[in-house]
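> have a look at this prediction, sequence included:
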Amino acid sequence: MDTYMNMKVGKVYIIGTGPGDYKLMTLKAVECIGLADVIVYDRLGSSKIKHLAKADAEFIFVGKMPDKHIVPQEEINKILVQKALEGKCVARVKGGDPFVFGRGGEEAEALVKEGISFEIIPGVTSAISVPAYAGIPVTHRDICSSFHVITGHERPEKEESILDFEVLAKLTGTLVFLMGVKNLPEITSKLMVYGKSAKTPVALIEKGTTNEQRTISGTLDTIEAIAQREDVKSPAIIIIGEVVKLKDSLRWYPYGPLGGKRVLVTRAREQASQLIARIEELGGEAIEFPTIKIAEPEDYESFDNALNGIKNYSWVAFTSVNGVKAFFNRMRQKKLDIRTLVNIKICAVGASTAEALNELGLTVDLMPESYTTEALLELMLKHVSKGERVLMARADIASKELYSGLINKGILVNDIVVYKTEIDAQNKQEIVKLLEEGSINFITFTSSSTVINFVKAIGSEGMQLLKGIEVVCIGKVTAKTAQEQGIMVSRIADEYTIDGLVKKLYDKE
Ligand code: SAH
């Protein structure tokens, strides 16, 4: 231990991330992933884990390689030790619970040997949660009083099974086999040979707690043929016992009008949360593909000049929530009091832009009924008097129509860029893979710019994979842009809100 005296030694968190549904992660898991400099993983389970990590965290994959090569446990232990000795905070993430067939114990032993400090963050194990998502309680007072979690995949090098099927067959509790899909014929036949009734109910639950969860069921003597016919694949658990019968009456997942559906959300991350929450509430899975990042403007000169001379303006016009955020962030940074806006009238495009202003305690004076720049221009021409100065807080890519329209009518407009948008193709590969598998049901576009950015971010390779996927847009303008880009639009929400868009996902009328 002395050798470490003058060094900063890191810490390793051995974390269970649950069975698949990312909301089954513990608060502590979320916190520790957020602290980590290095994330060591074999299966991320959910892409959401990436979003929880620090932007500059290093990800080390130690799972099955494409050539089926498996990173040996000793090697994984070495990586954990080495990174901790470098002073790094390491998150070793594992599916389910790290100590339930997760080899977390072996890793902790390696850390103890090197005197490295660690914490174990238990996770929700698939052994209990996956049956629960299939409506199967592992115990029930009227049916059984124990459950047993068993590996269905023993170490291949072992000559004789250490599982004593004679004992297992006599147990009256529920039997839960993990990693057992390949050995299903052996498991069922041995249990029957040792006297378990051939009519004992059995369920196989594949990809539990995810949007692709599938349950198939039968009895000990029929399940093998059914599993073959249904082509059940790993990860799946096998659950054996009378409790399986409850699944028909307790079925609850997937639920809601979007149950079992995957929806691609192309909004910038900062603005996607409301749409994601609505999709999840309705039982769907939201896949984030932000395509743009909000960034600071190239320079602040004109922005700062405008803020310093804000008293010279009669109006400030905001065309987006981002514009509102950027404007008031800069005011805060420059320590400008909001009361400097006291005589200024405010104009906003879009209900969410107005809402963002309301949250700051500001009431909007002017808001067009339809959320387009043309409508705003018409309205402003009615309300802004000649000689009044208008400050427009906009993005670098915003349309120039409003600006030139006002200028042409003799209204003095100062058009400033308060934020910039950049293409974000970070998780393109993940999205392309999902598109290839055909596992995305809907793509949503909330504005023309999300369409343009999506096309840029996904590239021609991704564009070829859009056939057959339902594309849903907010408003005709967005839909027109999508069509111009060669995207077939299937549904258009006339109500220009997130709710309007979400309704179109499950309601075709
Ligand atoms: N530590 C994990 C288990 C690792 S062993 C836990 O506590 O859940 C891997 C096995 O877990 C798989 O072969 C499968 O049997 C089971 N499993 C894990 N996630 C699953 C899921 N989402 N659906 C069905 N089975 C799952």
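It's in. Numbering: from 1, shown residues only.

> Gln274 touches Leu501, doesn't it?
No - taking Cβ atoms under 8 Å as the definition, Gln274 is not a contact partner of Leu501, at 10.3 Å. Just so you know, the C-beta spots here come from the backbone N, C-alpha and C atoms, and that holds for glycine as well.

> the helix or strand hosting Thr215: partners in the sheet, and parallel or antiparallel?
Thr215 belongs to strand 214-219 when assigned by DSSP states H and E. Strand 214-219 pairs in its sheet with strand 201-206 (antiparallel), by DSSP bridges.

> of Gln274 and Leu501, who's got more company?
Comparing Gln274 with Leu501 by neighbour count (other Cβ atoms under 10 Å), the higher total belongs to Leu501, at 24 against 14.

> give me the three-state assignment for the more buried one.
helix (DSSP: H, G, I helix; E, B strand; the rest coil).

> how far off centre is the least confident helix or strand in the chain by mean pLDDT?
Lowest on mean pLDDT, DSSP states H and E among the helices and strands of the chain sits helix 401-408, with a mean of 80. Averaging C-alpha positions (Cα atoms, centre = their mean, to the nearest Å) puts helix 401-408 41 Å from its chain's average.

> what does the helix or strand following it contact?
Scanning forward in sequence from helix 401-408 by DSSP H and E, the next helix or strand is strand 412-424. Contacts with strand 412-424, where a contact means Cβ atoms under 8 Å, 6 or more residues apart in numbering, come from 268, 290-298, 302-303, 306, 313, 322-323, 325-327, 330, 387-397, 400, 403, 406-407, 449, 453, 456-457.

> which ones among these map onto helices?
Assigned to helices by DSSP state H, the following of those qualify: 302-303, 306, 322-323, 325-327, 330, 403, 406-407, 449, 453, 456-457.

> ok, so of those, who is nearest the ligand?
Minimum distance to the ligand across these is 29.4 Å, recorded for Ala457 (Cβ to the nearest ligand atom).

> who in the protein is up against the ligand?
Contact residues (Cβ under 6 Å from any ligand atom) of the chain with the ligand: 19-20, 94-97, 100-102, 125-127, 130, 178-179, 205, 207-209, 234-237.

> residue of this protein closest to the ligand, please.
Gly96 (1.9 Å).

> who touches that residue in this structure?
Contacts of Gly96 (Cβ under 8 Å, 6+ apart): Gly16, Thr17, Gly18, Pro19, Gly102, Gly123, Val124, Thr125, Ser126, Ala127, Ser129.

> what's the separation between it and Val176?
Note on Gly96: its distance to Val176, by Cβ to Cβ, to the nearest Å, is 12 Å.

> burial count for Lys64?
Around Lys64 there are 12 residues (other Cβ under 10 Å).

> how about the least confident helix or strand of the chain: buried residues?
Leu402, Tyr403, Gly405, Leu406 (16 or more other Cβ atoms under 10 Å).

> tell me who's in contact with the most centrally placed residue in the chain.
Geometric centre of the chain, nearest residue: Lys48, 4.0 Å, by Cα atoms, centre = their mean. Lys48 is in contact with Tyr22, counting by Cβ under 8 Å, 6+ apart.

> let me know the pLDDT of it.
Per-residue confidence (pLDDT) for Lys48: 79.

> Val138 contacts Ile128, doesn't it?
Yes - the pair Val138 / Ile128 is scored as a contact, 5.6 Å apart, by Cβ under 8 Å.

> give me the buried entries from the contacts of strand 412-424.
Using 16+ other Cβ under 10 Å, the buried members of the contacts of strand 412-424 are 268, 290-292, 294, 297, 303, 306, 313, 322-323, 325-327, 330, 388-395, 403, 406, 449, 453, 457.

> OK, contacts around Arg229?
So Arg229 contacts nothing (Cβ under 8 Å, 6+ apart).

> ok, Gln333 - how many residues close by?
11.

> and if you look at His148?
Residues lying near His148 (other Cβ under 10 Å) number 16.

> surely it is in a strand?
Yes - under the criterion used here (three-state DSSP), His148 sits inside a strand.

> pull the contacting residues for it.
Leu168, Leu171, Gly173, Thr174, Leu175, Val176.

> who touches stretch 27-45?
With Cβ under 8 Å, 6+ apart as the test, stretch 27-45 has contacts from 10, 13, 15-20, 22, 49-50, 52-54, 57-64, 71, 76, 79-80, 83, 88-95, 119, 121, 123.

> quick one: which of those residues sit in helices?
Members of the contacts of stretch 27-45 lying in helices (criterion: DSSP H): Ile49, Lys50, Leu52, Ile76, Ile79, Leu80, Lys83.

> any idea how far the third one lies from Asp67?
Leu52 sits at a distance of 30 Å from Asp67 (criterion: Cβ to Cβ).

> more crowded one of the two?
Neighbours per residue (other Cβ under 10 Å) separate Leu52 from Asp67, with Leu52 holding more: 21 against 5.

> test my guess that Leu381 contacts Leu406.
Yes - in this structure Leu381 lies within contact range of Leu406 using Cβ under 8 Å: 7.4 Å.

> of the buried residues of helix 401-408, closest to Leu435?
Leu402 (36.2 Å; Cβ to Cβ).

> give me the distance from stretch 340-351 to the chain's centre.
Using Cα atoms, centre = their mean, the offset of stretch 340-351 from its chain centre is 35 Å.

> pLDDT of it, averaged?
Computed over stretch 340-351, the average pLDDT equals 91.

> could you chop the chain up by domain?
Residue ranges for the domains of the chain, per automatic domain parsing: 11-123, 128-250, 262-291+424-506, 303-420.

> first-to-last residue distance for the last one?
Chord length of domain 303-420, first to last residue, is 13 Å (Cα to Cα, to the nearest Å).

> and that domain, how far from the chain's centre?
Relative to its parent chain, domain 303-420 has a centroid offset of 33 Å by Cα atoms, centre = their mean.

> neighbours of Ala348, how many?
Neighbour count of Ala348, defined by other Cβ under 10 Å: 28.

> now do the buried residues in stretch 252-263.
Tyr253, Pro254, Leu258, Gly259, Gly260, Lys261, Arg262, Val263.
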